[in-house]
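S.K.: Dropping a prediction and its sequence here:
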Amino acid sequence: MNSIVKEPVWIPVGPVSEFSEEGGVCAQVDGTQVAVFRFSSRNEWFACENRCPHTGDMVLSRGMIGDSKGEPKVACPMHKKSFSLRTGECISGDEYSIKTYPIHIEDGMVYIGIEKP
Ligand code: FES
């Protein structure tokens, strides 16, 4: 049986020049706060929900990005719980997870992919 893979709707969130290297920015995407990370040292970009599932605070865009055994991660600035930026899984041993979003760069603009019903 074939499954239907839906293409996300790509929402522009700003030009590349507005995102600092090795850092995060909070962007409003379709009414949701999304943390956008320009991970220059890996030459990659990542996006995830800005909300930390530990307390519900909107803080992940201010988290520290890094690497755990090759896995790109963000550590929450509040209590340092770490999440994979690829899968959203908590990699510091808790049963939390975060939503991640597809992201792409085209003609100097950053786009976040949102699934629409
Ligand atoms: S609020 Fe993020 S780890 Fe506690």
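M.R.: Happy to help now that I have it.
S.K.: So for stretch 17-30, what gets flagged as buried?
M.R.: Within stretch 17-30, the residues scored as buried using 16 or more other C-beta atoms under 10 Å are 19, 23-27, 29. For glycine as for every other residue, the C-beta is placed from the backbone atoms N, C-alpha and C.
S.K.: Pick out the most distant pair among the residues you listed.
M.R.: Greatest spacing in the buried residues of stretch 17-30, by C-beta to C-beta: 23 and 29 (17.9 Å).
S.K.: the helices in the chain, which residues?
M.R.: For the chain, no helices are identified by DSSP state H.
S.K.: Would you mind naming what in this protein lies close to the ligand?
M.R.: By C-beta under 6 Å from any ligand atom, the residues of the chain that approach the ligand are 52, 54-55, 57, 76, 78-79, 81.
S.K.: Can you tell me which residue is spatially central in the chain?
M.R.: The residue lying closest to the centre of the chain (C-alpha atoms, centre = their mean) is residue 47, at 2.0 Å.
S.K.: right, and that one touches residue 103 too?
M.R.: Yes - the pair residue 47 and residue 103 qualifies as a contact (C-beta atoms under 8 Å) at a distance of 4.5 Å.
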